[in-house]
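Visitor: got a predicted structure here, sequence first:
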Amino acid sequence: MSERALAGATWPKGFIWGSATAAAQVEGAAHEGGKEDSIWDAFARVSGAVHGGDNLEIADDHYHRMPSDVRLMRELGLDSYRFSTSWARVRPGDRAVNPDGLDFYSRLVDELLESGILPWLTLYHWDLPQTLEETGGWANRDTAFRFRDYAEDVYEALGDRVTHWTTFNEPFCSSLLGYASGVHAPGRQEPRAAVAAVHHQHLAHGLAVNTLRTLGAQNLGITLNLTNAIPRDAEDPVDLDAARRLDSLANRIFLEPLLLGIYPEDTLADLEPYGLGDIILPGDLETISAPIDFLGVNHYHDDLVSGHPDSAVGDSHSGGAERPTGSPWVGSEHITFPSRDLPRTAMDWEVNPDGLRALLVRLGAEYPALPPLYITENGAAYDDVVSADGTVHDTERTAFIRDHLASVAEAIEQGADVRGYFVWSLLDNFEWSYGYDKRFGIVRVDYDTLERTIKDSGLAYARLIQAAHSA
Ligand code: NOJ
């Protein structure tokens, strides 16, 4: 679909056009204003854990440049900015509240509101205080209760102005990638701990939802990264079972406890040897399935999957680290990811916009009581080239965003209740174990000067927002 045709599309009334970042990826000031180590600060010091030995000390220096970054958002015409608060800044060492840490977010929220931009706050985007990792991290049930207390502190400071609250971002990554494959912080390769982390993050979500609801929050949700698990050969029982297992570990292990208050039977059976049944205590699933007001969907690519060992071409969840890593597919390490004939981004992720449509439509069909959906992340990394005049003609990213938005429009036509879209990311930033090597921004960041330049994709996105607003 051309930009012109997309600009003519009609969007539901009040559709939110936004862009997203996360604290650890953009803020920098990693040890300023009272902030102490998060697990990512510590992980970045492990040799070979992050590409090129990059760290989070300066990142995009958003901590110091926040007012001008908000001006950029205004220039782009964003309705909403999705950001996260850093637990290690708000409660360094998870001891007491740090007023300077909360003040940073309070100023950010004020700046956004003064610019007419809706703050969309995520409480956990992967940066657990390192002190809590030292007492077991997410494998320790107590961490869920510590999260509830932190959520309450943030709500008490910002709940008078922030209306949209997300508990967790992509718990798949902060549990299975962090504790089983070890490609993400804290870098553990302990399948049992990973399974415990899944359940304890669910519990933390439910505890926070109940607490914030009692305090008056009205728009509460969670963001999941979901995929379409497509069997390489839909007639082959081995491939079909691999797709089932991937769907279990990437999608249903999150969707079903949260939305239905149950773990899928096949997931329970597959993870029985890893102790899932043992850590679910009476009442947990009721807490976990506390009603939510929206579901955030992050989608970048689908997964073609096989159960045959010869079809491996690499796992799109394997990360860019240079040290040996395990598999996030607990109990199903033999799952492989064949390639299909599709273009790929710089992450080596396939480009298939129709996958987003299929996912959104499927969610509505499979979960009748599904709350409204927001695409809380979608975007692409490409190796940008800066022209002599400083501009960035990122045609592939521009097309990626346009084609995925067309796909969202199609999903809405087919009945999906999608109410907003956030491009990942506003700024080039710290791409976890890939360090600064992969750029997702619609705004370029020059890591030598920290200067920002709106890329062509940002300009095109701004035009689309303007067209949608004036339709
Ligand atoms: C999802 C994560 O939420 C975000 O932090 C990350 O940078 C993007 N995917 C791209 O990998």
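Guide: Good, I have the coordinates.
Visitor: who are the packing partners of the helix or strand hosting residue 463?
Guide: Counting by DSSP states H and E, the element that carries residue 463 is helix 456-470. Judged by 3 or more C-beta pairs under 8 Å, 6 or more residues apart in numbering; DSSP states H and E, helix 456-470 is in contact with helix 3-7, strand 16-20, helix 62-76, helix 395-413. All C-beta spots, glycine's among them, are computed from the backbone N, C-alpha and C.
Visitor: swap in 10 Å and give it another go.
Guide: helix 3-7, strand 16-20, helix 62-76, helix 395-413, strand 418-424, strand 443-445, strand 452-454 (3 or more C-beta pairs under 10 Å, 6 or more residues apart in numbering; DSSP states H and E).
Visitor: that one vs strand 16-20, what angle?
Guide: Relative orientation of helix 456-470 with respect to strand 16-20: 160 degrees, computed using axes from the mean of the first three to the mean of the last three C-alpha atoms, to 10 degrees.
Visitor: tell me which of the helices and strands packed on helix 456-470 sits nearest to residue 172.
Guide: Ranking the helices and strands packed on helix 456-470 by proximity to residue 172 (C-beta to C-beta) places strand 418-424 first, at 15.5 Å.
Visitor: mind listing the strands that closest one pairs with, and their directions?
Guide: Strand 418-424 has the following strand partners under DSSP bridges: strand 16-20 (parallel), strand 373-378 (parallel).
Visitor: report the buried residues of the last one.
Guide: Read it as strand 373-378. Under the neighbour-count criterion of 16 or more other C-beta atoms under 10 Å, strand 373-378 has 373-378 buried.
Visitor: of the residues you listed, list those near the ligand.
Guide: Applying C-beta under 6 Å from any ligand atom to the buried residues of strand 373-378, one finds that residue 377 fall near the ligand.
Visitor: closest one to residue 232 out of the buried residues of strand 373-378, please.
Guide: residue 378 (24.8 Å).
Visitor: which one is that closest one nearest to, not counting chain neighbours?
Guide: Distance criterion C-beta to C-beta, 6 or more residues apart in numbering; nearest residue to residue 378, sequence neighbours excluded, is residue 404 at 5.2 Å.
Visitor: pretty sure the one you found is touching residue 379, no?
Guide: Yes. At 8.4 Å, residue 404 and residue 379 qualify as touching, with contact defined as C-beta atoms under 10 Å.
Visitor: after the longest helix seen in the chain, which helix or strand is next?
Guide: If you go by DSSP state H, the chain has its longest helix at helix 191-215. Sequence-wise, the next helix or strand downstream of helix 191-215 (DSSP H and E) is strand 219-225.
Visitor: just how off-centre is that next one within its chain?
Guide: 10 Å (C-alpha atoms, centre = their mean, to the nearest Å).
Visitor: same check, this time on stretch 274-285
Guide: Worked out by C-alpha atoms, centre = their mean, stretch 274-285 lies 25 Å from the chain centre.
Visitor: how about that stretch: buried residues?
Guide: Buried positions in stretch 274-285, judged by neighbour count with 16+ other C-beta under 10 Å: 274, 276, 279-280, 284-285.
Visitor: which stretches of the stretch 101-250 of the chain form helices?
Guide: With helices called from DSSP state H, counting those that start in this stretch, the stretch 101-250 of the chain shows them at 130-133, 142-158, 171-172, 191-215, 237-247.
Visitor: which of these sits most buried?
Guide: helix 171-172 (a mean of 26; mean count of other C-beta atoms under 10 Å).
Visitor: wait, residue 36 sits on residue 95?
Guide: Yes. The criterion here is C-beta under 10 Å, and residue 36 meets it with residue 95 at 9.1 Å.
Visitor: which residues do those two both contact?
Guide: Any residue near both residue 36 and residue 95 by C-beta atoms under 10 Å, 6 or more residues apart in numbering counts here, and that gives 129, 131.
Visitor: so which of the helices of the stretch 101-250 of the chain gets nearest the ligand?
Guide: Of all these, helix 171-172 sits nearest to the ligand, with 9.7 Å by C-beta to the nearest ligand atom.
Visitor: residue contacts, residue 33?
Guide: Residue 33 neighbours (C-beta under 10 Å, 6+ apart): 27, 63, 89, 92, 98-101, 103-104.
Visitor: in a markdown table: these, plus pLDDT.
Guide: Output for these, formatted as a markdown table (pLDDT from 0 to 100):
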| residue | pLDDT |
| --- | --- |
| 27 | 99 |
| 63 | 99 |
| 89 | 99 |
| 92 | 98 |
| 98 | 98 |
| 99 | 98 |
| 100 | 98 |
| 101 | 98 |
| 103 | 98 |
| 104 | 98 |
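Visitor: most neighbours among the residues you listed, which one is it?
Guide: Within the contacts of residue 33, residue 27 tops the neighbour count with 30 neighbours, counted by other C-beta atoms under 10 Å.
Visitor: pLDDT wise, what is the residue nearest to residue 93 when sequence neighbours are not counted at?
Guide: Spatially, and ignoring its direct neighbours in sequence, residue 93 is nearest to residue 131 (4.4 Å; C-beta to C-beta, 6+ apart). As predicted, residue 131 sits at a pLDDT of 98.
Visitor: how about the one 3 residues further on?
Guide: The score at residue 134 is 98. That number is its pLDDT.
Visitor: for burial, what's the neighbour tally of it?
Guide: Other residues near residue 134 number 12, with proximity taken as other C-beta under 10 Å.
Visitor: repeat that for residue 59.
Guide: Neighbour count of residue 59, defined by other C-beta under 10 Å: 25.
Visitor: against residue 24, how distant is it?
Guide: As judged by C-beta to C-beta, to the nearest Å, residue 59 and residue 24 stand 8 Å apart.
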